[in-house]
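Participant: sequence first, predicted coordinates after that:
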Amino acid sequence: YYMLGIVVSTRNRVFGLDLLRAFAIFCVVHRHGKHLLYGTRLDWLANLPLPHGVDLFFVLSGFLIGLSVIKMTGQPDMGRNIWRFYGKTALRILPNYYALLLVNLLAVHCGMIGAGAHPPLYRYITLTQNIATPFKGFYWESWSVPIQWWFYIFFPLFVLFVRRMAGRYAVAVVAVVAMAAALVYRAIVCVGVDDPFYYDIIVRKTLASRSDSIYVGVLAAWISRAFPDFWLKSRWWALAAGIGLFVVAHTVGYTLGDVYSTVILPLIVPVSATLALPALTSWKHSGGKVAKGVMVLSLLSYSMFMSNLMMAYVVDGPLRSFSLAYGEAAYGLFWLLVVVATFVLYYSVERPAMRLRERLFAKRK
């Protein structure tokens, strides 16, 4: 169907996953603009107990890539298919990333935004700014892309290596080992980080600390294929358990820097979202304008993710006096600017890259 100038094909789409992706991008954008609502009549909206949207994106990435790699493991030419997977992934991820890197460089050069102490530029170019050490001061919105990018690169290779020993359990073995490694890393390195700022950039925003959030989605993908009947029959109690876990996590008190906050808490939202996947994957189709809007938002989510923080800079910078005086209006303006920036990035960068990907790989299906 055709909506807002965008053609969305419902073929091979699962509405439940589109819904989760749309909710995730709403959480991301709202988090970057909710400060505009503090002290206004919509203060309650700013204080809604919403999850970190990036955590939901991590689970989705792990689940969908997990399914793709499981499919590859059943094919004799897995090595060749991995290279094809790399090419498709690069055209999906890198154009938007480098486009916003350029925009941030230009914004700093023009004095629109500041840039504090930050890693050298080559680390942003090579997506190594936050492998095991935190970064700050520049291109803040890029933190999750290296975490996903290096997962895309190494996960299929790990499975290719492990499947000789583990066979059809290779994906599960890799997922469990990777999750255990992240938990051990946080237990050794992160316990005691009790400053909110450094907790955010060390515990929440480094690859070594957060890879388990992706691999829990991978494990879910393996379970869905290894035990399809269990996956389907468990969908409602798993959904209830996921919601319950999220609610409990928001009521349990903790001290920042303790074992719970550094080792367990970062995995609560990913596990909650993973428990919702059986129900969401069973929701194949939905009709009506709202459902179509959800699918469009899902399609635009990556461009929106990469562009929304720059619009927050605009509202908090050149438009600061307006945002201080008219909080609700500034919040609405923020969303309007985000939508405009999203369409600009989507039409100028993401869609051309995706069309190029279709042409390059169309003959190799």
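Facilitator: Arrived safely, thanks for sending.
Participant: just after whichever strand or helix holds residue 222, pick out the following helix or strand.
Facilitator: Using DSSP states H and E, the element containing residue 222 is helix 207-226. Later in the chain than helix 207-226, the nearest helix or strand by DSSP H and E is helix 228-233.
Participant: which elements pack onto the helix holding residue 222?
Facilitator: helix 53-73, helix 144-166, helix 170-185, helix 228-233, helix 265-281 (3 or more C-beta pairs under 8 Å, 6 or more residues apart in numbering; DSSP states H and E). Backbone N, C-alpha and C define where each C-beta goes, glycine included.
Participant: what number of residues lie near the nearest residue to residue 117 once chain neighbours are set aside?
Facilitator: Setting aside the residues directly before and after it, residue 117 is nearest to residue 137 in space (C-beta to C-beta, 6 or more residues apart in numbering), at 5.1 Å. Residues within reach of residue 137, counting by other C-beta atoms under 10 Å, total 11.
Participant: next, the angle from the helix holding residue 222 to helix 170-185.
Facilitator: Between helix 207-226 and helix 170-185, the angle formed by their directions is 150 degrees, by axes from the mean of the first three to the mean of the last three C-alpha atoms, to 10 degrees.
Participant: tell me which residues in helix 207-226 are buried?
Facilitator: 207-225 (16 or more other C-beta atoms under 10 Å).
Participant: residue 240: which element?
Facilitator: helix 235-249.
Participant: pLDDT of that helix, averaged?
Facilitator: Predicted confidence along helix 235-249 averages 95 (mean pLDDT).
Participant: residues contacting that helix, please?
Facilitator: Judged by C-beta atoms under 8 Å, 6 or more residues apart in numbering, the contacts made with helix 235-249 from elsewhere in the structure are 51, 265, 268-269, 271-279, 282.
Participant: any buried residues in it, and which?
Facilitator: With burial defined by 16+ other C-beta under 10 Å, the residues of helix 235-249 counted as buried are 235, 238, 239, 242, 245, 246, 249.
Participant: ok, stretch 144-160 next?
Facilitator: Going by 16+ other C-beta under 10 Å, stretch 144-160 has these buried residues: 144-152, 155-156, 158-160.
Participant: residue 286 falls within a strand, correct?
Facilitator: No: the assignment for residue 286 (DSSP: H, G, I helix; E, B strand; the rest coil) gives coil, which keeps it out of a strand.
Participant: excluding chain neighbours, what is closest to it?
Facilitator: Closest residue in space to residue 286, ignoring its immediate chain neighbours: residue 15 at 4.5 Å, by C-beta to C-beta, 6+ apart.
Participant: circling back to that earlier point, and which of the contacts of helix 235-249 is nearest residue 64?
Facilitator: residue 277 (10.5 Å; C-beta to C-beta).
Participant: OK, contacts around the residue nearest to the closest one when sequence neighbours are not counted?
Facilitator: Take residue 277 and drop its neighbours on the chain: the residue closest to it by C-beta to C-beta, 6+ apart is residue 220, 5.3 Å away. Listed by C-beta under 8 Å, 6+ apart, the contact partners of residue 220 are 59, 62, 63, 66, 274, 277.
Participant: do you know how far residue 222 is from residue 73?
Facilitator: As judged by C-beta to C-beta, to the nearest Å, residue 222 and residue 73 stand 10 Å apart.
Participant: anything in contact with each of the two?
Facilitator: Residues within reach of residue 222 and of residue 73 at once, by C-beta under 8 Å, 6+ apart, are residue 171.
Participant: which one of the contacts of residue 220 is nearest residue 201?
Facilitator: Closest approach to residue 201 among those (C-beta to C-beta): residue 59, at 21.3 Å.
Participant: which residues touch that closest one?
Facilitator: Taking C-beta under 8 Å, 6+ apart as the definition of contact, the neighbours of residue 59 are 213, 214, 216, 217, 220, 270, 273, 274, 277.
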